[in-house]
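Peer 1: fold the following for me, if possible:
(one chain, ligands or ions: 1)
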Amino acid sequence: MYTLGIDIGSTTSKCVILKDGKDIMTSSIVIAGTGTEGPSKAREEVLKNAGLKEEDLSYVVVTGYGRSTYDNANAEISELSCHALGVKHMFPDVRTIIDIGGQDAKVLSLNEKGNMVNFLMNDKCAAGTGRFLDVMAGILQLDINDLEIKAAEATNPVKISNTCTVFAESEVISQLAAGVQIDNLVAGICSSVASRVASLAKRVGIKEKVCMSGGVAQNGGVRNALAEELGIEIFYSPSAQLMGALGAALAAYNKAN
Ligand code: ADP
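Peer 2: The predicted model follows:
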C-alpha cells in the first residue's frame, strides 16, 4: 500500500511516499511553498520518482502552514503532530524536537510514550528562523548550502549583536565593509540563530534525546552552535526537512488501516 504525505510550508513544499507504512519509497522538495504551484509540482515529482500514478495512492494527508489551502487530500493534520510522528519514526526515543523552518521555529516536548505534552513557537520574528539565514546568505552572496562549510572554517567568529533581522543585516554589511572575513561572519550568523532557538528550547525545558527537524537542521553550523549553547548532543536525520511530510505519510497509513 502506498500513502502520500504532503507538507506545505511557508517556503518549500515537501512530499513523501511510504510503502506499507514503513520505508520512505521516494520524496520531493520544491522551493515554493503555500500559495504557489509548489505543492502540485512536488506531488507530480514524487509520483514520477516512484513510478506511480494518482490511483495507486491509498490515502493522502496534508500538513504544514499551507495545509488548509489544499483540497486534494483525504485529511489534514497539524504540523506539530506530523513532525512528532516523523521524528519518532526515525528516533523512537526522542523527547525534544527542535524544528526550524523557513519562517518559524518550534520546540516540542514529548513524554515517554512519545505524546506531545508541551510546545512553544516563534512565528513573530524572522530571527531564529531560516529566513534570517536566507537574508544573510543573500547579503554574503552565498548559497544556503555553503553556510555550513564557511562556519566550519571560521577562526574568530563574530558576535552579531542585533537580534532584529533588519538591524542585523546592516550590522553584517558594516562588518563586511570593515574587512571581517566571511567565514567568521557566517559562524556568527549561525550562532545568532542558535541562541534565539536555544532560549525558546530552555523555556520549554530540554529533555534528551533532542532531535532537530526542518530545513535549517541541514546546517551543521546552526546544529553545532545549538548543541554547544544547550550543552547537549543533537541528533538529526539527513532527511530532516522531510520529517513533516514523513509524519503525514505515516498518519495516512494509520488512517487507511
Ligand atoms: P518551511 O516548511 O517553513 O517551508 P523548511 O523546513 O522546508 O521550511 O525549511 C526551509 C528553510 O530551510 C529555508 O529558510 C532555507 O534557508 C533553510 N535551509 C535549507 N537548506 C539549508 C541548508 N543547507 N543550510 C541552512 N538552511 C537551509
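
Peer 1: shouldn't V222 be in contact with E228?
Peer 2: No: using C-beta atoms under 8 Å, V222 is not in contact with E228; the gap is 10.9 Å. Backbone N, C-alpha and C define where each C-beta goes, glycine included.

Peer 1: neighbour count: these two, which is higher?
Peer 2: Neighbours were counted for V222 and for E228 using other C-beta atoms under 10 Å; V222 has more, 28 against 13.

Peer 1: which residues are contacting the helix or strand the more buried one falls within?
Peer 2: In this structure, V222 sits in helix 220-230 according to DSSP states H and E. Here helix 220-230 makes contact (C-beta atoms under 8 Å, 6 or more residues apart in numbering) with 98, 100, 133, 147-148, 150-152, 186-187, 190-191, 193-195, 197-198, 201-202, 206, 210, 212, 216-217, 233-234, 236.

Peer 1: contact residues of the stretch 151-257 of the chain facing the ligand?
Peer 2: G214, G215, V216, Q218, N219, Q241 (C-beta under 6 Å from any ligand atom).

Peer 1: in whichever strand or helix holds A42, what counts as buried?
Peer 2: Counting by DSSP H and E, the element that carries A42 is helix 38-50. Within helix 38-50, the residues scored as buried using 16 or more other C-beta atoms under 10 Å are G38, P39, K41, A42, R43, E45, V46, L47, A50.

Peer 1: try stretch 153-172
Peer 2: Quick answer for stretch 153-172 (16+ other C-beta under 10 Å): A154, P157, V158, I160, T165, A168, E169, E171, V172.

Peer 1: identify the farthest-apart pair in these.
Peer 2: A154 and T165 (20.8 Å; C-beta to C-beta).

Peer 1: list the buried ones in stretch 10-27?
Peer 2: Buried-residue list, stretch 10-27, by 16+ other C-beta under 10 Å: 10-18, 21, 24-27.

Peer 1: what about the residues you listed, which are in strands?
Peer 2: Among the buried residues of stretch 10-27, the ones falling in strands (DSSP state E) are S13, K14, C15, V16, I17, L18, I24, M25, T26, S27.

Peer 1: what average pLDDT does stretch 147-160 get?
Peer 2: Per-residue pLDDT values over stretch 147-160 give a mean of 94.

Peer 1: got it, and stretch 195-207?
Peer 2: 95.

Peer 1: then stretch 32-44?
Peer 2: 96.

Peer 1: name the residues that touch that stretch?
Peer 2: 4, 6, 8-15, 28-31, 62, 64-66, 69-70, 72, 102.

Peer 1: now do the phi/psi pair for F119.
Peer 2: phi -160, psi 160 (degrees, to the nearest 10).

Peer 1: tell me which residues touch it, please.
Peer 2: L80, K106, V107, L108, S109, V204.

Peer 1: ok, the residues you listed vs A256, which is closest?
Peer 2: Once C-beta to C-beta is applied, the member of the contacts of F119 that ends up nearest A256 is L80, at 21.7 Å.

Peer 1: downstream of whichever helix or strand that closest one is part of, the next helix or strand is which one?
Peer 2: Assigned by DSSP H and E, L80 belongs to helix 79-90. Downstream of helix 79-90, the first helix or strand assigned by DSSP H and E is strand 96-100.

Peer 1: what angle separates that following strand from helix 220-230?
Peer 2: 140 degrees (axes from the mean of the first three to the mean of the last three C-alpha atoms, to 10 degrees).

Peer 1: for strand 96-100, which helices and strands make contact with it?
Peer 2: Counting contacts by 3 or more C-beta pairs under 8 Å, 6 or more residues apart in numbering; DSSP states H and E, strand 96-100 packs against helix 79-90, strand 105-110, helix 182-204, strand 210-213.

Peer 1: now those in TSV, with mean neighbour count and distance to L250?
Peer 2: Output for the helices and strands packed on strand 96-100, formatted as TSV (neighbours: other C-beta atoms under 10 Å; distance: least, C-beta to C-beta, whole Å):
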stretch	mean neighbour count	distance to L250
helix 79-90	24	5
strand 105-110	22	15
helix 182-204	22	24
strand 210-213	26	14
